[in-house]
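Q: could you work out the structure for the sequence below:
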Amino acid sequence: MEKYEQIDISGDVGLRVRGHSVTELFVNAAEGMGELITDTSLIDVKEEKEVALTSDGTEGLLIQWLNELIFLFDTHGFIGKIFRVDITGGQGSGGKGQGDRGRDEVKLTAKISGGLFDQGVNESRLLLKAATYHDLSIRQVGSYWEAEVIFDI
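A: Got it, this is the predicted structure:
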């Protein structure tokens, strides 16, 4: 199972992400998004950021998560490389259920280890403006979870 793959969309870019749990899906989405921005293997891990988010469903939480990471990059030049994510409530606690049925409150806490993007060292790939709700999906496919998310560029 591939963790993520780029989806080419006219005028934008997307990711198809997979994970064995909803939590792993969020980690893989963050890693895949980082790779859209730069080669994260060249990022020196020098700092850690903490994030806490709440949403009324898993899909909304995924968009908030990715947009928070874009915010950290846009405002501080920080790009994550290692993601320790905990999701509670809704689908995140057990990894069971489908999409946002029931609209239970879902909480994410994360520690993100990474470093600052250096234009002299790091390759610029895509400038992501935002993760969008356009054609957003999260679903269970057999024994794993799959999400598709589109980014404005």
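Q: from here on, contacts and neighbour counts on C-alpha atoms
A: Noted.
Q: strands of the protein, start to end?
A: 4-9, 12-19, 47-55, 78-88, 106-116, 130-141, 144-152 (DSSP state E).
Q: can you lay out those as a markdown table showing mean pLDDT?
A: Conversion of the strands of the chain to a markdown table gives the following (pLDDT from 0 to 100):
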| stretch | mean pLDDT |
| --- | --- |
| strand 4-9 | 92 |
| strand 12-19 | 97 |
| strand 47-55 | 98 |
| strand 78-88 | 98 |
| strand 106-116 | 98 |
| strand 130-141 | 96 |
| strand 144-152 | 97 |
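Q: residue 40: which of those is closest?
A: Between residue 40 and these, the shortest separation by Cα to Cα is 6.3 Å, and it involves strand 78-88.
Q: sorry, back to before: using TSV, lay out the strands of the chain together with mean neighbour count and distance to residue 63.
A: Formatted as TSV, these follow (neighbours: other Cα atoms under 10 Å; distance: least, Cα to Cα, whole Å):
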stretch	mean neighbour count	distance to residue 63
strand 4-9	15	16
strand 12-19	21	12
strand 47-55	15	10
strand 78-88	20	14
strand 106-116	19	12
strand 130-141	16	6
strand 144-152	21	8
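Q: so for residue 65, which of the ones you listed sits nearest?
A: Closest approach to residue 65 among the strands of the chain (Cα to Cα): strand 47-55, 7.4 Å.
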